[in-house]
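Novice: Sequence first, then the predicted structure:
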Amino acid sequence: MAKKSKLQSVSGMHDILPIDQNYYARIYEVVSNIAGFYGFGKIDTPAIEYTELFDKGIGSSTDIVDKEMYSFKTKGGDMVSLRPEWTAPVVRAYIEHGMYALPQPLKLWYSGFCWRHERPQEGRYRQFTQFGFEVFGEASPVIDAQIIQISYNILKELKLKDITVEINSIGDSNCRPYYKKLLSNYLKSRESSLCATCKKRAKENVLRVLDCKDEKCQPIKTEAPQIIDHLCDGCHSHFKEVLEFLDEIEVPYNLNPYLVRGLDYYTKTVFEINSNKSEEKSLSLAAGGRYDRLVKMLGGRDTFACGVGFGIERIISLMKSQNIEPAKPKEVDVFLAQLGSLAKRKSLKLLEEFRKAKIGISESFGRDSLKVQLNRANKLEAKYALILGQKEALDDVVIIRDMESGKQSIVKTDKAVSDVRKKLKK
């Protein structure tokens with residue numbers, strides 16, 4: 001028996017309907033304004049990259065590469081993947097286009113779709129939208145603090161409540177190997193008490209054990225040695241300065257010794273910004289940190305770098321739960337009501353004249369009932385209605401009705417735009 005076709009969206013994918021587009025518009029407006037203020041240039045990268053980029057950049061033992069990427073062979077035999085995150089592709093572009101020759105620090109921002117094959121849940125889809133910021137060529141901890149400040153300010157400007165910054169340092173190649181060995185030795189004596197996932201992580205990516213949410217592993221995490229106590233002098237000094245900058249700019253934060261992030265490229269500062277939806281549950285809205293080794297790992301020069309990525313669908317989910325209004329639809333000043341075929345023909349030209357004059361106007365060409373059209377004008381809260389019937393079309397005039405008072409006047413069609421503009425100014 002033939003399999004029944006499913007004419008619906010693929011599991012984990014979703015349509016962005018007009019009712020939700022206003023949320024996206026509001027977020028893009030805030031992000032692009034802040035990006036412009038802080039001197040970030042926009043970058044876009046292809047949706048598809050060679051799989052090797054993510055194997056090297058993210059790490060083959062991470063959940064993203066090991067379980068979640070959409071990877072396939074092209075007809076030419078190349079192994080490629082849909083973009084699961086933005087940092088590695090932006091770094092690839094930085095290297096490929098020789099951006100190290102540009103004045104540093106170089107600040108870039110992005111927005112667009114990513115794809116990961118993971119279990120769909122609230123605010124998490126298999127096709128989702130991210131925006132983020134990357135800074136290249138600056139070692140100073142002030143950059144870490146500024147990235148956190150920008151991230152925090154965006155969420156505050158979107159009027160989100162109960163926002164918490166979680167921060168930690170995971171050291172670098174000088175001190176992290178010693179800590180990983182220390183943690184591994186600690187976990188070996190407690191291996192039988194670990195969940196199945198952490199038993200695997202303890203062998204392949206030991207820091208990820210600290211990221212475990214399984215209740216079974218919490219007591220083991222609590223007693224584990226903390227990396228903050230084993231930082232080298234350079235990492236300790238860097239982290240101390242980051243916290244001092246955050247104190248100075250009054251960005252509130254919590255030190256979280258269990259925050260390690262799930263990507264291999266991070267060094268030193270790592271952070272997440274969460275919403276405390278309830279005492280038991282928090283929602284991660286943004287995450288990032290330093291990745292000073294990544295540019296060289298992918299074939300470029302030694303380059304200091306720091307960045308952050310946001311999940312737009314999660315932000316929208318939170319905006320809805322907190323009853324935050326999105327961007328308002330464009331205001332309609334005028335509604336054009338028409339009756340009859342000749343009036344409709346005349347209305348097409350009139351509509352275009354109002355568009356050129358940048359006066360907000362709407363219409364309902366498919367309706368012939370004046371009552372229905374004026375009801376529509378009321379719902380749109382139009383200030384004036386232009387009424388054009390067969391007689392008006394023949395006489396080359398239009399009726400202008402004040403929707404609040406009901407008063408009407410008749411003007412020549414070619415004077416309609418200037419007359420309405422005068423009324424709107426009053």
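Specialist: It's in.

Novice: How many neighbouring residues does Arg83 have?
Specialist: 22 (other Cβ atoms under 10 Å). C-beta: built from backbone N, CA, C; applies to glycine.

Novice: And the helices in the stretch 151-300 of the chain, which stretches?
Specialist: Using DSSP state H, counting those that start in this stretch, the helices assigned to the stretch 151-300 of the chain run over residues 176-188, 196-204, 218-223, 233-248, 294-297.

Novice: Out of the ones you listed, indicate the one that is most buried.
Specialist: helix 294-297 (a mean of 20; mean count of other Cβ atoms under 10 Å).

Novice: And the helices of the stretch 151-300 of the chain: which comes nearest Pro326?
Specialist: helix 233-248 (29.7 Å; Cβ to Cβ).

Novice: Downstream of the helix or strand of the chain with the lowest mean pLDDT, the next helix or strand is which one?
Specialist: Of all helical and strand segments in the chain, the minimum by mean pLDDT, DSSP states H and E falls on helix 63, at a mean of 69. Downstream of helix 63, the first helix or strand assigned by DSSP states H and E is strand 71-73.

Novice: Give me the helices and strands touching that next one, please.
Specialist: strand 79-82 (3 or more Cβ pairs under 8 Å, 6 or more residues apart in numbering; DSSP states H and E).

Novice: List of residues touching the strand it packs on?
Specialist: The contact list for strand 79-82 (Cβ atoms under 8 Å, 6 or more residues apart in numbering) reads 47-52, 54, 69-74, 114-115.

Novice: Recalculate using a threshold of 7 Å.
Specialist: The contact list for strand 79-82 (Cβ atoms under 7 Å, 6 or more residues apart in numbering) reads 47-51, 54, 69-74, 115.

Novice: Also stretch 213-223?
Specialist: Here stretch 213-223 has contacts from 190, 193-195, 198, 210, 212, 258, using Cβ under 7 Å, 6+ apart.

Novice: Among these, which one lies nearest to Arg92?
Specialist: Nearest to Arg92 among these is Leu210, at 29.0 Å by Cβ to Cβ.

Novice: what's the pLDDT at the closest one?
Specialist: Leu210 carries a pLDDT value of 86.

Novice: Just give me the neighbour total for it.
Specialist: 22.

Novice: Point out where the stretch 151-300 of the chain drops to low pLDDT.
Specialist: Scanning the stretch 151-300 of the chain for pLDDT under 70 picks out 262-264, 277-281.

Novice: residues touching the residue lying closest to Tyr384 once chain neighbours are set aside, list them.
Specialist: Once flanking residues are discounted, Tyr384 sits nearest to Val334: 5.1 Å by Cβ to Cβ, 6 or more residues apart in numbering. By Cβ under 7 Å, 6+ apart, the residues touching Val334 are 354, 359-361, 382, 384, 386, 420.

Novice: Over to Gly41?
Specialist: 107-108.

Novice: if I look at it, how far off is Glu134?
Specialist: 10 Å (Cβ to Cβ, to the nearest Å).

Novice: Repeat that for Leu53.
Specialist: On the measure of Cβ to Cβ, Leu53 and Glu134 end up 15 Å apart.

Novice: out of these two, which sits in the more crowded spot?
Specialist: Using other Cβ under 10 Å as the criterion, Leu53 and Glu134 rank with Glu134 on top: 25 against 17.

Novice: So the more buried one sits against Leu108, correct?
Specialist: Yes - contact criterion Cβ atoms under 7 Å: Glu134 and Leu108 qualify, at 4.9 Å.

Novice: what touches both of those two?
Specialist: Val90.

Novice: what sits in contact with each of Gly41 and Glu134?
Specialist: Common neighbours of Gly41 and Glu134 (criterion: Cβ under 7 Å, 6+ apart): Leu108.

Novice: Please enumerate the helices of the stretch 301-426 of the chain.
Specialist: Under DSSP H, counting those that start in this stretch, the stretch 301-426 of the chain gives helices at 312-321, 341-356, 370-379, 390-395, 416-425.

Novice: Now the fourth one: buried residues?
Specialist: When burial is assessed from 16 or more other Cβ atoms under 10 Å, helix 390-395 yields the following buried residues: 392-393.

Novice: do the first one as well
Specialist: By 16+ other Cβ under 10 Å, the buried positions in helix 312-321 come out as 312-319.
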